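**Student:** model this:
(chains A, B and C)
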Amino acid sequence: MSSETDVAVVGAGMIDFGELFEQSIDDMLAAAFRDCLDDVDKGMSPADVDAAWFGTIDIADNASSGLGLSHPTGLFEMPVTRVENACATGSSAFRSAVESVRAGNTDVALVAGAEKMRDSAAGLIEGAALDQVWRGRGVTMPAFFGLRATRHMEEYGTTREQIAKISVKNHENGAKYPHAHYRFTCDVDDVVDSPQVTYPLNLYDCCPVTDGAAATLVVSEDVVDEFTDDPIWVAGSGLSVDSFERGNDESLVGFPATEQAAGQAYEQAGITADDIDVAEVHDCFTITELVTYEDLGFCEKGDGGAFIDSGEPLLDGETPVNPSGGLLAKGHPIGATGVAQVNEIYEQLRGEAGAVQADNDPEYGLQHNIGIGRNATGSVSCVNILSRQR
Amino acid sequence: MAGILGYGAYIPLYRIERSRIAEQYGDYAGDGETAVPGHDEDTTTMAVEAATDALTQASTDGDQIDAVFAATTSDPFVERGVAAHVAHAVGAGRDTRVGDFQGSARAGTNALLAARDALSTDADTVLVVGSDALSAPAGSAAERTAGAGAGALVFGEGDAVAALTDSGVATTGFVGRFATHEDVTDGDGRFNRERYLDAVEIAVGHLGDDSFTHAVFPAHDGGWGRKASDALGLDATLVSTFPEVGYTAAAGVFLDTAAALDTAKAGESVLLAGYGPGGCDALRIERRTAETPEMTTDEYIQSSEQLPYGKHRQFRTWGGN
Amino acid sequence: MFEPPYTRTRAANERLRAHECDACGWVSFPEQPQFCKRCGVDASWSETRLHPRGTVRSYVVQQRLPEEFETPLPLAVMDMPQEESGEPARVYGLFTETDPADIEIGMEAEGVFRRVFDVAGLPIHSFKFTRPRGDRL
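**Tutor:** As a prediction, this is how the structure comes out:
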């Protein structure tokens, strides 16, 4: 594999996430792209971009192809590919761009993700698979993830309070993060006393419905010097799918797809979970982050509750997880989510994360998304690892 | 003679006290409860539940069934049928004969007689079901007793738990109570009762043996059974699900019969008088064993949950009944 | 039951017809058997039938759903055994007529035949789960 080209991230841009009723998906994409170009140390113009990957699940029906990115950015006469991979859409778009650059096909690639969630709040109910008899009817997102919570509590004695602590931590971080949708803090009582959405999950266990866009520029080692002297390198990437229908009991208390994707990414990077210094993981619900600690190997299976209790994933802990506030505070505009996570890791590794900067001088950072396939019968997980060292 | 290998009942979990319905309208209603279908129940689902119990008792697999006959007065569809769908659900084969009997509560006994006749021609095993989820306008008198339930009998050769041994018919053409999909018309109660007793007496009069230990007279008026029994000079235990379940029309033929079979001992006999617009069928059913299905009718009655009035209306609407 | 998808799955929905992978024993339900989801083999399959009494492996209680659902709605991941022998199938199970306080991991729940929803006015029937009726006497 010596013919592979090393891939660097040289720019990250995003807009403030929130209920952006006044902005269209085009408005959001253009702003994120502009912010991203401005972020490149030595500058970059649209003409430098060779190809683009556009992550969106198009929940509001307004961007069915790559053209949805071309129109607001002016990026025509080049390959523009729309990527959709459930809630792992943003990280899958990033991974696709990285693979093209790594293969030597592209020198400068734009990854952009966007979602107009609030134009289609009813679309979320589609997770209830109303046309299905057995395959996911009535299984909303909080149900799919909540099923793991009930089982995790039963099997490992994980407590409701431990699960709630994830929300407390992420809102604590989000309150300091300028792009976050929600910037309030809460305590464990606030979480467990908030209205029940789907037992055992309450409102503060759930990420909000958020509009947003984010953009990242990845380039090959051949051209990286034109754009920065301080690149962040893509060390590894993995993606896998799995389904609880296959009968594996592990999938009742976590997501084997995450374990598989992380395994691929660690192997490619030549590291282990212990080497990760900071992580942005998929916390669409509190329980998702808790089981993801385990699936990523940050702790043993079943020890997710003890891991949050130990304080290790706190901002001042040994391995800060979701310093940006995660999906719980920052919001989850599906196509943008993974791209924004990559951006956060990029900033953390460059020491530019401001009020939420990890103080452990991070060397390796990990980004993770998990999506649930149509009808909530499976999961798709994507893990990308960035590094300060080439 | 037609051997009965198994029988079964089904009554929805939900009930409402009739007095609770009446008080919504400032009216008074006597004792008694009415069974209400769950929001996801309909004539087909209840029929399948009763059929499953009967087939289990009969040790009969779906693919052994030669014919399925279904009786109801509350099919929400003008064109669709019930029997073929029950047949599919219980696993009957593609060569299974089906028949839908509708238009009168008497459809229940019509279906039983058709089953007996089928056994004497081309069928070895016949499943007969009766299922009803009656509706009535909010605030109407009929609303208080518009019940729901189902029952089933499996006819065939083998170890019979009972047998249909005799029948008599009185087709008068008299209507009395009638219903559309929207409304129920009771008419003149005393006049109707006279015509009812007349038809029952003629039909029962055709039976060869008029001694019974049990008698069932499913009817929309809970008092008619006693009147009929007195008119016939019967010395039999009257069995009725009307007080706990309400009026269940064609399904009542099966429910009341199942309740009577549950209590009848081997060698005892049940008079079943199925009545509805058009006339009456009288059947004699003899108990061969004392074997009951896994859930008796009384157990279905006893396992219940009360609904408030609003929820009961909502469930009826959701169920499309 | 006139629309193609529901005609294709009717035997699974109404009769709990399933298929067992001859290579690894995994049970395919409700789909038609294709490549085996577990062992990946383009397997041969044996027709089998699930028993409508399953075991709750995990559950949630849905509070917010479209109008057509009755809430609170317990919903579970169930293991449904085969009628004869072999491995169970792992499926989602919608509950009906069950108080959320009466559901727990490991409990047996009875499959009851119900209308799941309508398509163009026609009912689609299949099984939902409930606390066994016999336990409510």
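
**Student:** Distance-wise, check residue A:110 relative to residue A:36.
**Tutor:** Residue A:110 sits 8 Å away from residue A:36, going by Cβ to Cβ, to the nearest Å. Every C-beta, even on glycine, is put in place using the N, C-alpha and C of the backbone.

**Student:** More neighbours: which of those two?
**Tutor:** Between residue A:110 and residue A:36, counted using other Cβ atoms under 10 Å in any protein chain shown, the more crowded position is residue A:110 (29 against 25).

**Student:** OK, contacts around the more buried one?
**Tutor:** By Cβ atoms under 8 Å, 6 or more residues apart in numbering or on different chains, the contact list for residue A:110 reads A:33, A:36, A:49, A:51-53, A:69, A:73, A:75, A:97, A:215-217.

**Student:** Quick check: neighbours shared by residue A:110 and residue A:36?
**Tutor:** Counting by Cβ under 8 Å, 6+ apart, the shared contacts of residue A:110 and residue A:36 are A:215-217.

**Student:** Next, format those residues as a markdown table and append neighbour count and pLDDT.
**Tutor:** Output for the shared contacts of residue A:110 and residue A:36, formatted as a markdown table (neighbours: other Cβ atoms under 10 Å in any protein chain shown; pLDDT from 0 to 100):
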| residue | neighbour count | pLDDT |
| --- | --- | --- |
| A:215 | 32 | 98 |
| A:216 | 31 | 98 |
| A:217 | 28 | 98 |
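
**Student:** Those residues: which ones sit near chain C?
**Tutor:** Among these, no residue lies close to chain C (Cβ under 8 Å from any Cβ of the partner chain).

**Student:** Please, where are all the strands along the stretch 201-321 of chain B?
**Tutor:** For the stretch 201-321 of chain B, applying DSSP state E, counting those that start in this stretch gives strands covering B:214-216, B:237-238, B:269-276, B:279-287, B:305-306.

**Student:** relative orientation of the fourth one and strand B:269-276 in degrees?
**Tutor:** So the one you mean is strand B:279-287. 160 degrees (axes from the mean of the first three to the mean of the last three Cα atoms, to 10 degrees).

**Student:** Can stretch B:5-23 be said to contact chain C?
**Tutor:** Yes. For a cut-off given as Cβ under 8 Å from any Cβ, stretch B:5-23 has contacts with chain C, namely B:13-14.

**Student:** which residues sit in contact with residue B:277?
**Tutor:** The contact partners of residue B:277, taken as Cβ under 8 Å, 6+ apart, are B:103-106, B:174-178.

**Student:** Let me see the contact set for residue 37.
**Tutor:** You didn't pick a chain, so chain A it is. Contacts of residue A:37 (Cβ under 8 Å, 6+ apart): A:11, A:13, A:43-46, A:217.

**Student:** hmm, I had chain C in mind actually
**Tutor:** Residues near residue C:37 by Cβ under 8 Å, 6+ apart: A:243, A:245-246, C:26, C:28.

**Student:** With residue B:211 instead?
**Tutor:** By Cβ under 8 Å, 6+ apart, the neighbours of residue B:211 are residue B:269.

**Student:** mind checking pLDDT for it?
**Tutor:** On pLDDT, residue B:211 comes in at 95.

**Student:** Next, give phi and psi for it.
**Tutor:** Phi and psi for residue B:211, reported as degrees, to the nearest 10, are phi -100, psi 130.

**Student:** Please tell me how far it sits from residue B:233.
**Tutor:** Applying Cβ to Cβ to residue B:211 and residue B:233 gives a distance of 11 Å.

**Student:** With residue A:210 instead?
**Tutor:** Using Cβ to Cβ, one gets 80 Å for the distance from residue A:210 to residue B:233.

**Student:** same question, residue B:72
**Tutor:** 33 Å.

**Student:** quick one: which of the contacts of residue A:37 has the most company?
**Tutor:** Neighbour max across those (other Cβ under 10 Å) = residue A:217, 28 neighbours.

**Student:** Could you verify my assumption that that residue touches residue A:109?
**Tutor:** Yes. When contacts are counted by Cβ atoms under 8 Å, residue A:217 is listed as touching residue A:109 (7.3 Å).

**Student:** For the two, list the residues in contact with both.
**Tutor:** Counting by Cβ under 8 Å, 6+ apart, the contacts common to residue A:217 and residue A:109 are residue A:49.

**Student:** Which strands and helices lie in contact with the longest strand that chain C contains?
**Tutor:** The residue-count maximum for a strand in chain C (DSSP state E) belongs to strand C:108-119. The contact analysis (3 or more Cβ pairs under 8 Å, 6 or more residues apart in numbering or on different chains; DSSP states H and E) places strand C:108-119 against helix B:43-58, strand C:53-62, strand C:73-80, strand C:89-94, strand C:122-130.

**Student:** Just the CA coordinates for the helix or strand hosting residue B:19, please, in CSV.
**Tutor:** In this assignment (DSSP states H and E), residue B:19 forms part of helix B:18-23. C-alpha atoms of helix B:18-23 as CSV (Å, rounded to 0.1, in the frame of the first residue of the first chain):
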residue,chain,number,x,y,z
ARG,B,18,-73.7,-0.1,31.0
SER,B,19,-74.6,2.4,33.7
ARG,B,20,-71.4,4.3,32.9
ILE,B,21,-72.6,4.7,29.3
ALA,B,22,-76.1,5.8,30.4
GLU,B,23,-74.8,8.4,32.8
